[in-house]
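[1] Got a sequence here, can you build the structure:
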Amino acid sequence: MGSPITTHILDTSKGRPAQDVEVTLERKTDSGWAQVGTGRTNDDGRVTDLMDGNLTAGDFRISFAVGAYYARLKEECFYPSVSIEFTVRAADEHYHVPLLLNPFGFSTYRGS
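    Numbering: from 1, shown residues only. The predicted model follows:
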């Protein structure tokens, strides 16, 4: 079984996946945020092995190091990182959190 939480990044300014972007997944605890997974986007802009183990209900945060991505491309960007907080209610479901990105904006949604 793969990771219960996955993501991908589409650079909408280029119309192609954002490759080699560092992604961090954290879970909210009583004392703050605890890292539960990390990865880098592949050639298709996806991270499919972000988290090992079983998913439990709770609040999560996925962060994307997009400033480093644009620096490698020698492009200016406004957001050095993007963080998305979301709630897992049904631990038996798969959660896909895509990021649609451009140098000066982003959007996200719950994917499938």
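[2] Tell me which stretches of the chain form helices.
    Along the chain, counting by DSSP state H, helices occupy 66-72.
[3] which stretches of it have low pLDDT?
    For the chain, the stretches with pLDDT under 70 are 1.
[4] Val47 against Val23, yeah?
    Yes. At 5.1 Å, Val47 counts as touching Val23 under the criterion of C-beta atoms under 8 Å. Placement of C-beta: from N, CA and C, glycine included.
[5] between those two, who's got more neighbours?
    The residue with more neighbours, out of Val47 and Val23, is Val47; 26 against 22, by other C-beta atoms under 10 Å.
[6] which residues touch the more buried one?
    Val47 is in contact with Ser3, Thr6, Thr7, His8, Val23, Gly39, Arg40, Thr41, counting by C-beta atoms under 8 Å, 6 or more residues apart in numbering.
[7] The fifth one touches Thr38, doesn't it?
    Yes. When contacts are counted by C-beta under 8 Å, Val23 is listed as touching Thr38 (6.7 Å).
[8] between those two, what contacts are shared?
    Joint contacts of Val23 and Thr38 (C-beta under 8 Å, 6+ apart) are Leu50.
[9] those strands in this protein, which residues are they?
    Assigned by DSSP state E, the strands in the chain fall at 5-11, 16-17, 22-29, 32-40, 46-47, 58-64, 82-88, 95-96, 99-102, 105-108.
[10] Not counting its own residues, what contacts the third one?
    In other words, strand 22-29. 5, 7, 33-41, 47, 50-51, 56, 58-65, 68.
[11] wouldn't Ala57 be in contact with Val88 here?
    Yes. Judged on C-beta under 8 Å, Ala57 makes contact with Val88 at a distance of 5.3 Å.
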